[in-house]
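[1] Please find the sequence and the predicted model below.
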Amino acid sequence: VTVETEEEREEILIDADDFIDKLTYVTGVNKCAECGMCTASCPVTAIDTLFSPRRLSGRALMEDTEKLALSEEIWSCTTCGICNAICPYGVDFLRFIQGVRSLALSKNSVPHFFAEGLLATEEIGAARDNNRLRWLEGEGGKEELKVSDKGEVYYFSGCLSYLDSVYSDRENLRLLEIARSAVKILNSIGIVPAVSKEEKCCGHDLLWMGDEKRFKELMKENIEVIKESGAKVVVFTCAECLRTFDRDYRRFSGDLGFEVMHISEFLRDKELKFVNGKEQIITYHDPCRLRHLGVYEEPREVLKRIPGVKIKEMVHNKERATCCGVSALLTCGPVAREMQIERLTEAEQTGASKLVVACPKCWIHLDCASASNPKLGM
């Protein structure tokens, strides 16, 4: 069976009787030729040989639904997307993982050792009473930043305020400064962005743990909040939020009625003012969620415009970049830590004084790994 369009894929989801049969058609897993290219390129398999995207795809075609849902292997995937990018048959392994996890969640068959990650994921997704505009308060906040309830440009800060509260003991993390700096830059080019205290978590982590129901609830609320602001463009500083809106919101909701852009994409053709700084070499980490969207050059172009800054690339960069090893806070364990150390070591080998990231979660996880390995000077 060849499925060419999204409409045909969704039609199969509606008409087919068996969930896994539907999922294999929708994601193209049924076309897997077992060439092994996904497994050969998988960063998880390189560390944990018990995990294999190819083998997991085969199990979906050969085993019964219950056995697959009980598999611990479906929770080991970091959803970095390298398998999707390299597959010669167009298998959407990422969407397959989303679907199988939703099945597992519905059957309460989540392995016990993922309980902590699931709890954190649920807290982020369900946090509705958290002050998501807390970054406007205090030094450099309301007194300095210009924001509005309505406007053509909306700034989506996501879970920065919540994550800042969770990781308040981490001295090197300045998560609220991400939002503050974004608004300062927008203000400097004459833009007063719309923001809203009614904004919710984008739902990224809920979706990747398989909770489509609550994800859709958050999606509907966020789309309504943004539409009420009158925004034509929504700007993101979080790679996860951007990916969620661009790919997943569109998949479940269709046309959003507004454009979504990473802040580096938005600033790419704008005239920016920089203060002259010292000469320094930096290196840049491509987060997997920007890799999903093919956003490589825009962050680099903005960074290169900063006086004195020179970018030196890591060996694995752009489409070949490895990720921080953590998906939706579910895979934070020994395998992820080894991936993080490898990434930090690669960054250090460039001779750069700073490692720049475009994803708050990457900053959190790489900072944690760096703190646990003081020999790494990055």
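    Structure received.

[2] What helices and strands are in contact with the helix or strand that contains Ser264?
    Using DSSP states H and E, Ser264 sits within helix 263-267. Applying 3 or more CB pairs under 8 Å, 6 or more residues apart in numbering; DSSP states H and E, we find helix 263-267 packed against helix 175-188, strand 233-236, helix 297-304. Yep, even glycine has a C-beta here, placed from its N, CA and C like the rest.

[3] Which SSE is immediately downstream of it?
    strand 280-285.

[4] ok and that next one relative to helix 297-304, angle-wise?
    On the basis of axes from the mean of the first three to the mean of the last three CA atoms, to 10 degrees, strand 280-285 is oriented at 170 degrees to helix 297-304.

[5] If we ignore the residues flanking it in sequence, what's nearest the spatially most central residue of the chain?
    Centroid-nearest residue in the chain, with CA atoms, centre = their mean: Glu240, separated by 2.7 Å. Of all residues not flanking Glu240 in the chain, His204 sits nearest, at 4.5 Å (CB to CB, 6 or more residues apart in numbering).

[6] Point out where the stretch 101-250 of the chain drops to low pLDDT.
    Within the stretch 101-250 of the chain, the segments meeting pLDDT under 70 span 109-130, 138-143.

[7] Tell me where it has helices.
    115-126, 160-166, 175-188, 204-208, 212-229, 239-243, 250-253 (DSSP state H, counting those that start in this stretch).

[8] which residues does Cys241 contact?
    Residues counted as contacts of Cys241 (CB atoms under 8 Å, 6 or more residues apart in numbering) are Phe156, Gly158, Cys202, His204.

[9] give me the number of residues near the last one?
    Counted with other CB atoms under 10 Å, the neighbours of His204 add up to 28.

[10] rewinding a little: the residue nearest to the centre of the chain is in contact with Cys201, isn't it?
    No - judged on CB atoms under 8 Å, Glu240 makes no contact with Cys201 at a distance of 10.2 Å.

[11] shared neighbours of the two, anything?
    What both Glu240 and Cys201 touch, as defined by CB under 8 Å, 6+ apart, is the set Gly158.

[12] which other residues reach stretch 159-169?
    120, 124, 127, 130-135, 173, 175-176, 178-179, 201-202, 237-238, 360, 364.

[13] can you pull the contacts of the residue nearest to the centre of the chain?
    Glu240 is in contact with Gly158, Cys202, His204, Pro287, Arg289, Cys359, Pro360, Lys361, counting by CB under 8 Å, 6+ apart.

[14] So in terms of bridging, what pairs with Val233?
    Beta-bridge pairing for Val233 (DSSP bridges): Val153, Glu259.

[15] Can you list the neighbours in contact with stretch 38-50?
    51-55, 57, 73, 76-78, 80, 82-83, 86-87, 91, 93, 322-323, 325, 335, 338-339.

[16] Give the buried residues for that stretch.
    Neighbour-count burial for stretch 38-50, counted by 16 or more other CB atoms under 10 Å, picks out Cys38, Thr39, Ser41, Cys42, Pro43, Val44, Thr45, Ala46, Ile47, Asp48.

[17] ok, the third one to Cys359 distance?
    Same thing as Ser41. Counting by CB to CB, to the nearest Å, the gap between Ser41 and Cys359 amounts to 21 Å.
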